[in-house]
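*Asks:* What shape does this take:
(2 chains)
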Amino acid sequence: MSTATTHDAHHEEHPGGLLRWVFTTNHKDIGTLYLLFSLLMFMVGGAMAMIIRAELFQPGLQFVEPQFFNSMTTMHALIMIFGAVMPGFVGLANWLVPMMIGAPDMALPRMNNWSFWILPFAFAMLLSTLFMEGGAPASGWTMYPPLVLQTGDAFPFLIFSVHLMGISSIMGAINIVVTIVNMRAPGMNLMKMPLFVWTWLITAYLLIAVMPVLAGSVTMLLTDRFFETSFFNAAGGGDPVMFQHIFWFFGHPEVYIMILPAFGIVSQIIPTFARKPLFGYSSMVYATASIAFLSFIVWAHHMFTVGMPLTGELFFMYATMLIAVPTGVKVFNWVSTMWKGSMTFETPMLFAIGFVVLFTIGGFSGLMLAITPVDFQYHDTYFVVAHFHYVLVTGAVFSIMAAAYYWMPKWTGNMYDERLGKLHFWLSTIFVNVLFFPQHFLGLAGMPRRIPDYAVQFTEFNQISSIGGFAFGLTQLLFVYIVYKTIKGGEKATDQVWEGAHGLEWTLSSPPPYHSFTTAPEVK
Amino acid sequence: MSEAHGGYYVPHGTTWPIVGSIGLTTLVVGFANYLNGSSSGMPVMAVGLGIVLLMMFGWFGVVIRESESGLYNDQVDKSFRWGMSWFIFSEVMFFAAFFGALYYARILSVPWLGGADVSTNEFLWNGWEAAWPTNGPGEIGGEFETMGAWGIPAINTLLLLSSGVTVTFAHWALKKGNRGPLVLWLLATVILGFTFLGLQMYEYGHAYHELNLTLGSGIYGSTFFMLTGFHGMHVTIGAIMLTIIMLRCIKGHFTADRHFAFEAVAWYWHFVDVVWLGLFIFVYML
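*Replies:* Below you'll find the model as predicted:
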């Protein structure tokens, strides 16, 4: 243990059994751990979504107490954001970044282990709140005071689990930045990096900048509750709205933390199956950087209705709409990459195209929400729920699935079952729209979010949405089966896997050696 | 950089991270139970803290031994440098959250409460006038006095600024290979650091007992103690790290051109220094 050697001395040596996974410093092992953890949390968070949709199948209270319903929406969000989507992307970064830049491993392998191994503890702690007096947190994942201060025994556990997730994210992000700036093979200059690497470099920067702010804001909640501070108490000169500002200063970049790596993935996949190089590589890089910069100056569009000076409302409205420009550049480039390409439609490509179309719908509803006076109507309705699920499910989650299908043959050495993969795509795509599209109508008609009951006129759309939800949920079990089957065996994959695939990771064997590149490859 | 790509440094297996996770979790579970009023909270917390300290001792020990036996090439050195820089940046952002709270309260929310936003003032706190320092219209925590800038805080500013100078002198001595002055300058830095902390503790006592300025003194007390408190915590960590670096210097660690741990701690110390300047200006003076 803990003996350091240069790689040459110990070829392919690793401990066996379960402890291998606990003590590992290998980027592929840790990547696998992240991805499996992400899948597990996706199922746990998904189960909570099923409870939400079951309760909303009919007006009135059917299955759960209102308090528990609110716990479900809160925990579903926390688990999906911090447990499923973020670790999913970090797992992909772990697997792919060293292979894509021609490195043997991550720059700080021990810290890499720690970033992962904090997560199971943090989420065990968060999930344990379900069994505490007063129930799990039910204030919404945004933890607004004063409501969140009424949480029962779960309160400090909520705060500390957020702290632990933050520590994990910051360490993971530092590791990715350091790997990218310091471990590139000779000749792999910045503007030759695959876009997945670029988007992760920028994402990691966002993470380091905003996770500490989240830690600070929840620390203020903790001291307001237990140590007599008045940050969010107007009687003491504080302001509950101050929390919302600090929280969303974290929260909006957080949204891009969950979508920039998705942009990277799609930018890897579309050129492969269009058999053309990516259209507008450098504009993609600049667009990503612009989106990251803008993400710091738009946070208050989450709180238009809370009260702000008019100049503030206008500033945040215009700044938000500005984001449509670099995002539009990206969508244009993806479409132009496909233009006149000789395209084939394997499962990763299907998910990538599904991403481009459906994420764009989420982007448009986002533009609608950015318009301040209109947002006064949409705020806190199901329109918002529909919007961010289009962005996060058909955006972030679809991209992770696309990535899984695209790189699984490389990781495991086995091809997945193409027939089942396509079935998974079509069922997912149909039902995700059945699930979320009607929620636009519900929101426009005025149905508020985070409420277990609703007026009868909303019944039909809710029932359609719930049916879509159950079917989408079931479909994901198919994904679990496909992943399992691919790990177990299947048609052997070639090194290049896909005819049109280019990049360093495809020059390695499938599955790749334990340490990706022991000597740096030549990059032309 | 010639050898950097020939032999990558890749450690095999590590036990300390999982120990760290168990320790951290024990620590926060104990703390949470303590906050919820359980009597077992404190002992569990202490055990967790013990495990975390053990982990730090063990993990740093491994890295120090590897470093001293010459396993780290230039590339590893560079990774450490980048890692530390970004870690300090994350710390800056942590403080930014609390400075942000201070500015928001002073520039926006307190004036709003005092009538800049008419309706709030009229309906909720009619007649209350905005001022700074304040413990709000509810006068939470009762009447208090503030800490003057030109007493202990000014002395503390001088102490920290000079400690930034002494640590730089130590660095110069290290680069010239003069062990004697190196240790002496480090010792001076450590003494300045701990003196700062002593004065800060005295000041806290003074605030609590004579000025009735507490963490519960409304928004002023909240921002004052959270900002200076987290800063003090960072000074404590920095001073402990400097002490360890000094002990390592006495043991003969580091060479004139390879001493990243020293530099990392010096960076951290300067960071703590800069935060203090921000505090002195925005919390004490203005």
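
*Asks:* wait, A:G60 sits on A:P452?
*Replies:* No. Contact criterion CB atoms under 8 Å: A:G60 and A:P452 do not qualify, at 9.1 Å. (Glycine included, C-beta is placed from N, CA and C.)

*Asks:* need the longest helix for the chain.
*Replies:* Since you didn't name a chain, this refers to chain A. Using DSSP state H to define each element, chain A has its longest helix at helix A:195-226.

*Asks:* I was thinking of chain B, sorry if that wasn't clear
*Replies:* Criterion DSSP H: the longest helix present in chain B is helix B:218-250.

*Asks:* Can you tell me the SS state at the residue nearest to B:G177 when sequence neighbours are not counted?
*Replies:* In this structure, B:G177 finds its nearest non-sequential neighbour in B:A256, 4.6 Å apart by CB to CB, 6 or more residues apart in numbering or on different chains. The three-state label given to B:A256 by DSSP: H, G, I helix; E, B strand; the rest coil is coil.

*Asks:* pretty sure B:A256 is in contact with B:W172, am I right?
*Replies:* No. In this structure B:A256 lies outside contact range of B:W172 using CB under 8 Å: 10.6 Å.

*Asks:* what's the burial count for the residue nearest to B:G177?
*Replies:* Per other CB atoms under 10 Å in any protein chain shown, the neighbour tally for B:A256 reads 11.

*Asks:* Got the phi and psi for it?
*Replies:* Dihedral pair for B:A256: phi -60, psi -30, per degrees, to the nearest 10.

*Asks:* Read off the pLDDT value for it.
*Replies:* According to the prediction, B:A256 has pLDDT 93.

*Asks:* ok, back up a step: so which elements touch the longest helix of chain A?
*Replies:* helix A:86-101, helix A:154-182, helix A:240-257, helix A:260-274, helix A:281-294, helix B:74-103, helix B:218-250 (3 or more CB pairs under 8 Å, 6 or more residues apart in numbering or on different chains; DSSP states H and E).

*Asks:* Same list, those, but as TSV with distance to A:A402, mean pLDDT and mean neighbour count please.
*Replies:* Formatted as TSV, the helices and strands packed on helix A:195-226 follow (distance: least, CB to CB, whole Å; pLDDT from 0 to 100; neighbours: other CB atoms under 10 Å in any protein chain shown):
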stretch	distance to A:A402	mean pLDDT	mean neighbour count
helix A:86-101	11	97	27
helix A:154-182	20	97	25
helix A:240-257	18	97	23
helix A:260-274	6	98	27
helix A:281-294	17	97	18
helix B:74-103	29	96	19
helix B:218-250	42	97	21
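
*Asks:* can you tell which of these is closest to A:I30?
*Replies:* helix A:86-101 (5.2 Å; CB to CB).

*Asks:* Counting by contacts, list what the closest one packs against.
*Replies:* Here helix A:86-101 touches helix A:27-55, helix A:109-128, helix A:154-182, helix A:195-226, helix A:260-274, helix A:398-412, going by 3+ CB pairs under 8 Å, 6+ apart.

*Asks:* Between helix A:154-182 and the longest helix of chain A, find me the angle.
*Replies:* 150 degrees (axes from the mean of the first three to the mean of the last three CA atoms, to 10 degrees).

*Asks:* What average pLDDT does helix A:195-226 get?
*Replies:* On average, the pLDDT along helix A:195-226 is 98.

*Asks:* Same check on stretch A:354-365?
*Replies:* Average pLDDT, stretch A:354-365: 97.

*Asks:* From the rest of the structure, what touches it?
*Replies:* A:259, A:262, A:266, A:270, A:324, A:327, A:331, A:334-335, A:383, A:386-392, A:394-395, A:398-399, A:402, A:425, A:428-429, A:432-433, A:440 (CB atoms under 8 Å, 6 or more residues apart in numbering or on different chains).

*Asks:* Need the buried ones from those selected in ChimeraX.
*Replies:* Buried members of those, defined by 16 or more other CB atoms under 10 Å in any protein chain shown, are picked up in ChimeraX with:
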select /A:259,262,266,270,327,331,334,383,386,387,388,389,390,391,392,394,395,398,399,402,425,428,429,432,433,440
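
*Asks:* on that earlier part again, so who does the residue nearest to B:G177 touch?
*Replies:* Counted by CB under 8 Å, 6+ apart, B:A256 has contacts B:174-177.

*Asks:* Give me the subset of those lying in helices.
*Replies:* Mapping these onto helices (DSSP H) picks out B:174-176.

*Asks:* Which among those residues count as buried?
*Replies:* So, by 16+ other CB under 10 Å, the buried ones in those are B:L174.

*Asks:* Would you format the helices and strands packed on helix A:195-226 as TSV with distance to A:G469 included?
*Replies:* Shown next, in TSV, are the helices and strands packed on helix A:195-226 (distance: least, CB to CB, whole Å):
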stretch	distance to A:G469
helix A:86-101	20
helix A:154-182	26
helix A:240-257	22
helix A:260-274	22
helix A:281-294	30
helix B:74-103	36
helix B:218-250	43
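
*Asks:* do you know which of those helices lies nearest A:W114?
*Replies:* helix A:154-182 (6.2 Å).
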